[in-house]
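Generate coordinates for the sequence data below:
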Amino acid sequence: MRQIALTATASFQALAAHAIDAKKWQLRDLFAGDPQRFDNMSLDAAGLFLDYSKNRLDRRTLELLLDLAHERGVEQRREAMFSGEKINLTEQRAVLHTALRAPVDCALKVDGQDVSADVHAVLARLHTFSDAVRSGAWLGYSGKPITDIVNIGIGGSDLGPKMVCLALRQYAHPRLTMHFVSNVDGHDIDAALAVVDPETTLFIIASKTFTTGETMLNAHTARRWFLAHARVAGDAALARHFVAVSTNTGAIEAFGIDAANMFPFWDWVGGRYSVWSAIGLPIALAVGFGYFSDFLAGAHAMDVHFTQAPLNQNMPVLLALAGFWNRQFLGCASVSIAPYHQDLNRFPAYLQQLDMESNGKRVTRTGDPVDTATCPVIWGDCGTNGQHAYFQLLHQGTDVTPIDFIACLRPAHELASHHAALLANCFAQSEAFMRGKDVDEVRADLQAQGLGAADVERLAPHKTFPGNRPSNTILMDYLTPHALGALVALYEHKTFVQGVLWDVNSFDQWGVELGKVLAKNIEAELTGEAEPQRHDSSTNGLIAMARAAV
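I've put the predicted structure just below:
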């Protein structure tokens, strides 16, 4: 059933009218006028703390945004997702990544399939296999234990496990080194193969269908390398060094992988939501199944909060509403993710796929054009590195970019002075983006430095900061597996809520397909298997240059 256009809803129109005045507000004034603003606009959930008080909104803004959430059916769509309804309309699939981290007693059936039993059966196999590798019981063809693990995937089957393994490196097994190969660019796998030993390397091929172009090209390259370098060739040796995360038994057996070492997942697991599934095998190998279970438990704790907390006290909902307000009514076209923790350095890249592949859509669930802007561009890097790179633009550029600051109150190291400096920078940047520094304050500082009137006026415009730039701050105690699971689930649900507000299907990704189809044709033309087709002059010219370079 078609939903009324977003801009035609009563709550959206009320927000638009409210925004006329809100655009004139200054965050300094909002804080000065409400001494309890921090307390009123912050909350705890699943071990995380969210401060959203530095957004340019007030209580009335939140009331209107919550009205919109109710009018757009956030609660009903949330229930539909968790109950297994096929909310991925274009592919007629349920969306049940939340079932992957639910306890075994959370019974759920979809099309007669006992989802909970299936999930925990696969988890039990991950447990057994990861224990065998980590303990040294699983041996390579020459009788040596595994020392290196190469995960070959792309998209969610690469970004998720890579991000988590890096984030949880403090928990990693000391004997195991993790490598991740995703790019079809041969430099990627060449670099990995150059530093591993075929006798002690385990390859994980992560492709649901075992047909993903980039993944299978890399997988066959790894297979050829192994057979060329292993002292004992053949399927028996190969089966000790290759496992698959897939559902295509025939294809993996033809490749030389033992079907007993195939770890499946399901159609209702989208790639960017798959880190909780067998795609998380590298995580279980790196940190152990116990910590992988803690990671799942943290996400489940956020699921429970998301499903049970009232919308006005619901962390993913409030994070989503603040972001929606910034995008729709304040014209913010991008969001910068600033984790003040070096081990979260791949988290912005992970969120790029999660958010932009989910909500980077131009039509509604029923195929009508969306009548507003949708997903902002997601980008960022670790603090404090970003401060010495692009924060100049964030502070004084012409575009206003909201920022999510993410930090831990306690480090995993004992370098107290480093952590104090890190948190000081995080909190100071948050304050600076909110307050800014007006021209009168700048003039007073310059005068205090003894500068003459002419120099003061010359420098004042360059040292003025407009401020009034929105941000959120998310804190956790330590970066533990549980806290990381909750953090990822928080952003998953934020993305879901915003998708509901825009009425887009957040669970397909047809925009990935066109370029892949065209690439197959061009690849045949580059290799000489086919003559160049009638492309545009630019594409024909580029193909000709590449053919000439061979």
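
From here on, just use CA atoms for contacts and neighbour counts.
Noted.

Which residue ranges of the stretch 1-150 of the chain form strands?
42-45, 48-51, 109-110, 113-114, 148-152 (DSSP state E, counting those that start in this stretch).

Out of those strands, which one sits most buried?
Each of the strands of the stretch 1-150 of the chain was scored by mean neighbour count; the highest is strand 148-152, a mean of 23, by mean count of other C-alpha atoms under 10 Å.

tell me the mean pLDDT over that one?
For strand 148-152, mean pLDDT is 98.

residue ranges of the strands in the stretch 251-400 of the chain, please?
Per DSSP E, counting those that start in this stretch, the stretch 251-400 of the chain carries strands over the ranges 262-263, 334-340, 377-380.

In a markdown table, list the ones you listed along with distance to E357 and mean neighbour count.
A markdown table is the format used below for those (distance: least, C-alpha to C-alpha, whole Å; neighbours: other C-alpha atoms under 10 Å):
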| stretch | distance to E357 | mean neighbour count |
| --- | --- | --- |
| strand 262-263 | 25 | 22 |
| strand 334-340 | 14 | 24 |
| strand 377-380 | 11 | 18 |
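
could you redo those strands as TSV and give each row mean pLDDT and distance to A407?
Formatted as TSV, the strands of the stretch 251-400 of the chain follow (pLDDT from 0 to 100; distance: least, C-alpha to C-alpha, whole Å):
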stretch	mean pLDDT	distance to A407
strand 262-263	97	34
strand 334-340	98	5
strand 377-380	98	14
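
Can you add distance to V122 and give those strands back as JSON lines?
Listed next are these as JSON lines, based on distance: least, C-alpha to C-alpha, whole Å:
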{"stretch": "strand 262-263", "distance to V122": "7"}
{"stretch": "strand 334-340", "distance to V122": "32"}
{"stretch": "strand 377-380", "distance to V122": "33"}
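
what's the closest of those strands to A444?
Closest approach to A444 among those is made by strand 334-340 (31.4 Å; C-alpha to C-alpha).

what is the nearest residue to L351 once chain neighbours are set aside paired to in the beta sheet?
Spatial nearest neighbour of L351, chain neighbours left out: I378 (7.1 Å); criterion: C-alpha to C-alpha, 6 or more residues apart in numbering. For I378, the beta-bridge partners are V335 (DSSP bridges).

re earlier: can you tell me which of the strands of the stretch 1-150 of the chain has the worst average pLDDT?
Comparing mean pLDDT over the strands of the stretch 1-150 of the chain, the weakest stretch is strand 109-110, at a mean of 83.

And that one, how far out from the chain middle?
Mean-position distance between strand 109-110 and its chain equals 27 Å (C-alpha atoms, centre = their mean, to the nearest Å).

Also stretch 201-209?
Chain-centre distance of stretch 201-209: 21 Å, with C-alpha atoms, centre = their mean.

Around A194, how many other residues sit close by?
Using other C-alpha atoms under 10 Å, A194 has 8 neighbouring residues.

For it, which residues are in contact?
By C-alpha atoms under 8 Å, 6 or more residues apart in numbering, A194 lies in contact with nothing.

so can I have CSV of the strands of the stretch 1-150 of the chain showing distance to Q342?
CSV is the format used below for the strands of the stretch 1-150 of the chain (distance: least, C-alpha to C-alpha, whole Å):
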stretch, distance to Q342
strand 42-45, 23
strand 48-51, 18
strand 109-110, 40
strand 113-114, 40
strand 148-152, 22
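
between those, which gets nearest to A259?
Closest to A259 of those, according to C-alpha to C-alpha: strand 148-152, at 17.8 Å.

same for the helix or strand that the closest one is followed by, what does it pack against?
Next in sequence after strand 148-152, counting helices and strands by DSSP states H and E, comes helix 156-167. Where contact means 3 or more C-alpha pairs under 8 Å, 6 or more residues apart in numbering; DSSP states H and E, helix 156-167 is packed against strand 177-181, helix 281-287, helix 347-351.

Distance-wise, check K437 relative to Y390.
K437 sits at a distance of 19 Å from Y390 (criterion: C-alpha to C-alpha, to the nearest Å).

who has more neighbours, the two?
In this view K437 and Y390 are compared by other C-alpha under 10 Å, and K437 has more residues nearby, 16 against 13.

show me the contacts for the closest residue to the more buried one other than its chain neighbours.
In space, and not counting its chain neighbours, K437 is closest to F465: 4.8 Å by C-alpha to C-alpha, 6+ apart. F465 makes contacts with H395, Q396, G436, K437, D438, as judged by C-alpha under 8 Å, 6+ apart.

Run a quick neighbour tally on the second one.
I take that to be Q396. Neighbour count of Q396, defined by other C-alpha under 10 Å: 17.

In this structure it contacts P466, no?
Yes: assessed by C-alpha atoms under 8 Å, Q396 is found in contact with P466 at 7.0 Å.

Roughly how far does the nearest residue to T527 once chain neighbours are set aside sit from E529?
Leaving aside its chain neighbours, T527 sits nearest to R547 (7.7 Å; criterion: C-alpha to C-alpha, 6+ apart). For R547, the distance to E529 equals 12 Å [C-alpha to C-alpha].
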